[in-house]
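All I have is the shape, not the residue letters:
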């Protein structure tokens, strides 16, 4: 299958070689329907060296213990819930977990307030239903049902956005690994290897809080924001490199120093204090996670590559910062200008960025 | 004759299990344990079951209390189990480490904590690193402590240590001396004719004890010759699990007493038992934990261990599993759990038949008399309420205060606002820590009874440097502790220092307790003349100094002065001395009129003036309006309001004029201004009680929305209440 034409390749496509190499050297026992042993799954996600000496790229940069906790959870047949503020690589991690464990990351339910029961249980092909009456042919399986039948992982994105009564459809599936279809008087029973990996946003946890019955069936792993500037810089630079290579973007004009400044701005606005912890800063309405930082850097690379900015110009980076921070112009512009004036202006080596931002804001 | 070395780690649960089974199969005639030889007499208390772990041997120099050492034991300490074995089999148990009376003089530091240094030596670390461990503790944990029972492991440990010590070039002089002493003791045991000798010592020492011929007895004697000796006293003290956890540095995530206890009790079910305990703790904290969840977290921990290639879950895996299954990202629960589950709260007991210093005895007698003994050495926070009209409870309160005076901070009195009518009730928080035992022993240099010791200690303190602002409270405490003999001395010190200081804040801190003391002293019929004079002397100085100290204050300083002004104000109301009250009012007016005075303090002064009904309110209201008018700096009026309305909304309820001023101030604010003020306004208004808010609401809107209804009264029923009402109002 040639995936060249698609904008984005699936994790299992992109890392097909890594996955097969890991499989080849895998000596540990593999749970049924798992494509890799748990140890190799961890290696795939955290990166490492193969016995052949080839490098496995790290997919997740956070603490090792969190990934181990996630994998061990799936191993116990308990469902996994990844929570964290936006941009802490929840979806990213769940996609790679599915790719590594089931070799397939496409069983996904995107949770929205409009997600219905048919997305979790099953729906009907009404034309067939009318014509033939209820039959297995007229049944439209949900991704969850397909995953049960195939012994795979199914991912549920933004679980807490799904209305509570719909969420609860998961209870039987998780506790009994069984999905009854009363219309046909049959049971779809999950094969080994089936499990649910859900993600939920920490910030709007209150939207549709999980019922305690459902909550008990999940193990929760909380993904943190990168603890330090260096850590975050590492993640951003790594991803930028990767994206550049994938998309074959023109050579980058943005230096590490600029990226560092952008991340510093993001971190300070996000945490509400300067990196040295001495100045209190107001936080804007926008989410300024690592993921946003990556796309902002990316954005400025594209700006500088296609729109003829001089080499070394900080205008693209300033544009990207403002684009990311200012989501609500009434609220965010004063916050950003205050930040620029109180924190950035007096900082050594930041005058260019300060001026560029100031100019655009005016 | 044979002797066998058992190299262990102190508090190693695995070592301990191995040791117990190895001792049973070796069946020695005598057990030698690495503990200071001079503390050997303490073993009899173990034999008579007068101590229950966790406990520690405490050795101190009665003549120099800066010299002391603790040797803690838990039920999973190999040394403890070795003693138990000896007791059980009725065979001799010797302590064979260098006597503490000598080590006090050898070690460079006067404090000797548990001897863990063996493991920080480099060769060990090097080996751990080669095995892929950050530190040797973890290596040892993984390969020795967490493994299933294997009594034969001691030979392997000996081999390993032999290799490691060979490559170790540095050794402390104290170690060499101690080891020479240990060899001498082994020789003595052999000489006494014991055929099978078990030697239990830290693994690091084991290799140098194998060969008794080189160095020989005479070499060792040479090392030990001429060692100086000091006095030492010995006793058992209760110890606690969280001290064990801290002392051995669970920072590396290794030692968790509860986990070790579970491991020691039964290796096979340790994980499940620890997890059940975790669930029980969570339930106590108010979380519903089902058995199903306990099973899940146990399984998760086992799986994690598998992923991390460990033979069984360690404390890290257990904790991770609890977090994922039970805690669901709630950091507050996590913190509580960490304390309770990692460290644990168990405290050992030492029977009162174990000898100790007279002061401790005296305190314990008093504790028993006042029925506080059951709370002594109890873990966790205990709340107490005393009714001082009852003589036992009065004595209890005095006892606690005397202990406070001695610096033993077992009890803290809860701050209750000083009721102007006086109160017979006291509320205390008690929290016990093992170090109190030591503090009491330290304090015993001041006297053999609590009364003597506290009087001498305070007298000594007075002669020494003591912070002026603490003196007021000290005097108050002394009176309440029924030590009136101390009052003249403290008064003199206050007078001496008070005349010198210009620090009005500390003067204000000293004053209220003096006033309380005066009242209390009068009631208790002590001679209070001196105190009267003291107040007469200090109070005018406060009135003169304070107006100058209300400008250009930092936020903290302003808050502090604010508090002390209020406290002094309240205390003065107690005194009911019209001259003082007049002076004080004049001072408050003076402050309120200083333009640059801190707004919080200014608002507060105006409030205090408003409460005194006799004053001209219109002048006060003018000042209120003036201070609110600054809209440029939102902090000024809001701080001012905070001071003005401190303590609740009743002032607003009582004073319609004030209400109107505030109303007139808020209404014309633009939306933008209002939003800037809102958070700080909220801070002030949210401190009002529900009743106050309701009353305010009714007052503000009564005329506008709510029509007065005719009250319908049932005459017959009204008649019934009237007699009682009349009686009450008489």
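Happy to help now that I have it. Here the structure is a predicted model, which is why all the values come from computation and not from measurement.

Phi first, then psi, for the closest residue to residue B:94 other than its chain neighbours.
Here the nearest residue to residue B:94 in space, its sequence neighbours aside, is residue B:32; by Cβ to Cβ, 6 or more residues apart in numbering or on different chains that works out to 5.0 Å. Any C-beta I mention is one placed from the backbone N, CA and C, and that applies to glycine too. With angles defined as degrees, to the nearest 10, residue B:32 sits at phi -110, psi 130.

check contacts around residue B:32.
The contact partners of residue B:32, by Cβ atoms under 8 Å, 6 or more residues apart in numbering or on different chains, come to B:94, B:95, B:96, B:182, B:185, B:186, B:189, B:197, B:198, B:199, B:200, B:201.

same thing but at 6 Å, please
B:94, B:96, B:199 (Cβ atoms under 6 Å, 6 or more residues apart in numbering or on different chains).

so what's it bridging to?
For residue B:32, the beta-bridge partners are residue B:94, residue B:199 (DSSP bridges).

residues from the stretch 151-300 of chain B in reach of chain A?
B:296, B:299, B:300 (Cβ under 6 Å from any Cβ of the partner chain).

before we move on, back to that, which ChimeraX command selects the buried ones in the contacts of residue B:32?
Buried residues within these, by 16 or more other Cβ atoms under 10 Å in any protein chain shown, are selected in ChimeraX with:
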select /B:94,96,199
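
wait, which of the contacts of residue B:32 is closest to chain A?
Within those, proximity to chain A (Cβ to the nearest Cβ) peaks at residue B:199, which comes in at 40.4 Å.

need the residues of the stretch 51-200 of chain A near chain B, please.
By the rule Cβ under 6 Å from any Cβ, the part of the stretch 51-200 of chain A lying against chain B is A:68, A:69, A:72, A:75, A:76, A:78, A:83.

so which two of the residues you listed are the farthest from each other?
Within these, A:75 and A:83 form the most distant pair, 19.7 Å apart (Cβ to Cβ).

sorry, back to before: ranking by neighbours, what's the top pick from the residues of the stretch 51-200 of chain A next to chain B?
The most crowded member of these, judged by other Cβ atoms under 10 Å in any protein chain shown, is residue A:72 (29 neighbours).

which residues are in contact with the strand or helix carrying it?
Assigned by DSSP states H and E, residue A:72 belongs to helix A:64-75. Here helix A:64-75 makes contact (Cβ under 6 Å, 6+ apart) with A:38, A:41-42, A:45-46, A:80, A:195, A:219, A:221, B:300, B:303-304, B:307, B:320, B:324.

buried sites along the strand ranked longest in chain B?
Criterion DSSP state E: the longest strand present in chain B is strand B:64-73. By 16+ other Cβ under 10 Å, the buried positions in strand B:64-73 come out as B:67, B:68, B:69, B:70, B:71, B:72, B:73.

can I get the residues you listed in a markdown table with pLDDT and distance to residue A:347?
Putting the buried residues of strand B:64-73 into a markdown table (pLDDT from 0 to 100; distance: Cβ to Cβ, whole Å) gives the following:
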| residue | pLDDT | distance to residue A:347 |
| --- | --- | --- |
| B:67 | 78 | 54 |
| B:68 | 79 | 53 |
| B:69 | 82 | 53 |
| B:70 | 82 | 51 |
| B:71 | 87 | 55 |
| B:72 | 87 | 52 |
| B:73 | 90 | 57 |
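
next one: phi and psi at whichever residue of the stretch 51-200 of chain B sits closest to chain A?
Residue nearest to chain A within the stretch 51-200 of chain B: residue B:134 (13.1 Å; Cβ to the nearest Cβ). Note on residue B:134: its backbone torsions stand at phi -70, psi -40 [degrees, to the nearest 10].

List the residues that contact residue B:615.
Contacts of residue B:615 by Cβ under 6 Å, 6+ apart are residue B:609.

For residue A:220, what is the enclosing helix or strand?
Assigned by DSSP H and E, residue A:220 falls within strand A:218-222.

so how far is stretch B:514-526 from its chain's centroid?
Put simply, stretch B:514-526 sits 31 Å off its chain's centre (Cα atoms, centre = their mean, to the nearest Å).

who touches it?
With Cβ under 6 Å, 6+ apart as the test, stretch B:514-526 has contacts from B:472, B:475, B:476, B:479, B:484, B:528, B:531, B:535, B:571, B:574, B:575.

The third one reaches residue B:513, doesn't it?
Yes - between residue B:476 and residue B:513 there is a contact under Cβ atoms under 6 Å: 3.9 Å.

Residue of the stretch 51-200 of chain A closest to chain B, please.
Closest point on the stretch 51-200 of chain A to chain B, by Cβ to the nearest Cβ, is residue A:72, at 4.0 Å.

What helices and strands are in contact with the helix ranked longest in chain A?
Counting by DSSP state H, the longest helix found in chain A is helix A:229-247. Under the contact definition 3 or more Cβ pairs under 6 Å, 6 or more residues apart in numbering or on different chains; DSSP states H and E, helix A:229-247 sits against helix A:256-271, helix A:290-306.

Distance check, residue B:485 against chain A.
For residue B:485, the distance to chain A equals 51 Å [Cβ to the nearest Cβ, to the nearest Å].

Let's verify the residue nearest to that residue when sequence neighbours are not counted: helix, strand, or coil?
Excluding the flanking residues, the one nearest residue B:485 by Cβ to Cβ, 6+ apart is residue B:455, at 6.5 Å. Counting by DSSP: H, G, I helix; E, B strand; the rest coil, the backbone at residue B:455 sits in helix.

And for residue B:455, the neighbour number?
For residue B:455, using other Cβ under 10 Å, the count is 22.

Chain A contacts on chain B?
So chain B meets chain A at B:296, B:299, B:300, B:303, B:304, B:307, B:320, B:324, B:325, B:328, B:329 (Cβ under 6 Å from any Cβ).

Include distance to residue B:395 and neighbour count when you put those residues into a markdown table, please.
Formatted as a markdown table, the residues of chain B next to chain A follow (distance: Cβ to Cβ, whole Å; neighbours: other Cβ atoms under 10 Å in any protein chain shown):
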| residue | distance to residue B:395 | neighbour count |
| --- | --- | --- |
| B:296 | 53 | 23 |
| B:299 | 56 | 20 |
| B:300 | 54 | 27 |
| B:303 | 58 | 24 |
| B:304 | 55 | 27 |
| B:307 | 61 | 21 |
| B:320 | 51 | 22 |
| B:324 | 52 | 29 |
| B:325 | 50 | 29 |
| B:328 | 49 | 21 |
| B:329 | 50 | 18 |
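
Could you list which of those belong to helices?
Per DSSP H, the subset of these in helices is B:296, B:299, B:300, B:303, B:304, B:307, B:320.

re earlier: the longest helix of chain A - what's its average pLDDT?
Taken as a whole, helix A:229-247 has a mean pLDDT of 83.
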